[in-house]
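Asker: would you be able to build a 3D model of this:
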Amino acid sequence: MIMINVAGLGLTFGAGEQAHQALRDIHFAVEKGEAFGLVGESGCGKSTILRCLAGLYEHWHGTIEIDGAAVGPKLDRARCRRVQMVFQDPYGSLHPRHTIETVLAEPLKIHRLGDVDDRVDQALASVGLDTSFRQRFPHQLSGGQRQRVAIARSLMLEPQVLLLDEPTAALDVSVQAEILNLLADLRRTRGLTYVLVTHDLGVVVHLCDRLAVMRQGEIVDTLPAQRLLDGAARHPYTTTLVQASLQHC
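Answerer: I've put the predicted structure just below:
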């Protein structure tokens, strides 16, 4: 069953001589429960796709379907319930003057959902944090703990899809594996569908089933993650990315 279907997605910033076409005729589909990666060099359009899916950009054209239903450019409550996003910087995405309890309760209050206390406790437990974190502020947490809170917040509305924008890039290497393992466990236990943006091929191989390779606003290759792991990528640009990644190891 297809959970996400994107067809002919395009997006341009600016107009006239200043126009920049950020996305060109993007096509891909993600099955329910699948983890799908978007990789490529900085500025190639990976995060722009996530922002279109999340409703953060409204001036795109093409087709986006979530769970068989077409979504429009404007964000609505139903879409928020189905799709949530985890950002790269866990400190920047959390309000510095709000307690963790307030951060987690806010989506429930906006959507007028009950059992706030129980849901907050359950969300903390689901990401490996105890109830003592409820009254803490973001600056009192480590980077890994802040990202766990950000993941917990994304789960408050029980979405079907998580959009992950470089979720481990701002973390120490030792913490990155913990967050990746947490995301893998949540996907398995909750039946979540992931779209992951990363520049780290090791991360995409660890978490994803398939990936699309992007270059200058276009998808130039789509392949199983296992093929990368086996060193069997065939497209020249994908091969170039793999070689560049190995040089930085």
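Asker: now do the strands in the protein.
Answerer: 2-13, 20-31, 35-40, 61-66, 69-70, 83-86, 161-165, 193-197, 210-215, 218-224 (DSSP state E).
Asker: what's the closest of these to residue 204?
Answerer: strand 35-40 (3.9 Å; CB to CB). Just so you know, the C-beta spots here come from the backbone N, C-alpha and C atoms, and that holds for glycine as well.
Asker: what angle do the closest one and strand 2-13 make?
Answerer: 20 degrees (axes from the mean of the first three to the mean of the last three CA atoms, to 10 degrees).
Asker: could you number the chain from 54 rather than 1 from now on?
Answerer: Renumbered: residue one is now 54, and that last one reads strand 88-93.
Asker: wait, residue 117 sits on residue 124?
Answerer: Yes: counting by CB atoms under 8 Å, residue 117 touches residue 124, with 5.2 Å between them.
Asker: who has more neighbours, these two?
Answerer: Using other CB atoms under 10 Å as the criterion, residue 117 and residue 124 rank with residue 117 on top: 23 against 19.
Asker: tell me what the more buried one is bridged to.
Answerer: Applying DSSP bridges to residue 117 gives these bridge partners: residue 59.
Asker: can you pull the pLDDT of it?
Answerer: For residue 117, the pLDDT comes out at 97.
Asker: got it, and residue 295?
Answerer: Residue 295 is assigned 86 on the pLDDT scale.
Asker: which residue is the nearest non-sequential neighbour of it?
Answerer: Leaving out its chain neighbours, the residue that sits closest to residue 295 by CB to CB, 6 or more residues apart in numbering is residue 286, at 5.7 Å.
Asker: do you know how far residue 75 is from residue 63?
Answerer: Distance of residue 75 to residue 63, computed by CB to CB, to the nearest Å: 8 Å.
Asker: over to residue 115?
Answerer: 6 Å.
Asker: overlap in contacts, these two.
Answerer: Shared contacts of residue 115 and residue 63 (CB atoms under 8 Å, 6 or more residues apart in numbering): 78, 79.
Asker: which residues touch the worst-scoring helix or strand of the chain on mean pLDDT?
Answerer: When each helix and strand of the chain is scored by mean pLDDT, DSSP states H and E, helix 289-300 comes last, with a mean of 83. Helix 289-300 has contacts (CB under 8 Å, 6+ apart) with 92-94, 253-255, 266, 268, 273-274, 276, 281, 284, 286.
Asker: ok, back up a step: wait, which of the strands of the chain is closest to residue 150?
Answerer: That would be strand 136-139 among the strands of the chain, by CB to CB, at 21.2 Å.
Asker: which other helices and strands does that closest one contact?
Answerer: helix 99-107, helix 196-208, strand 214-218 (3 or more CB pairs under 8 Å, 6 or more residues apart in numbering; DSSP states H and E).
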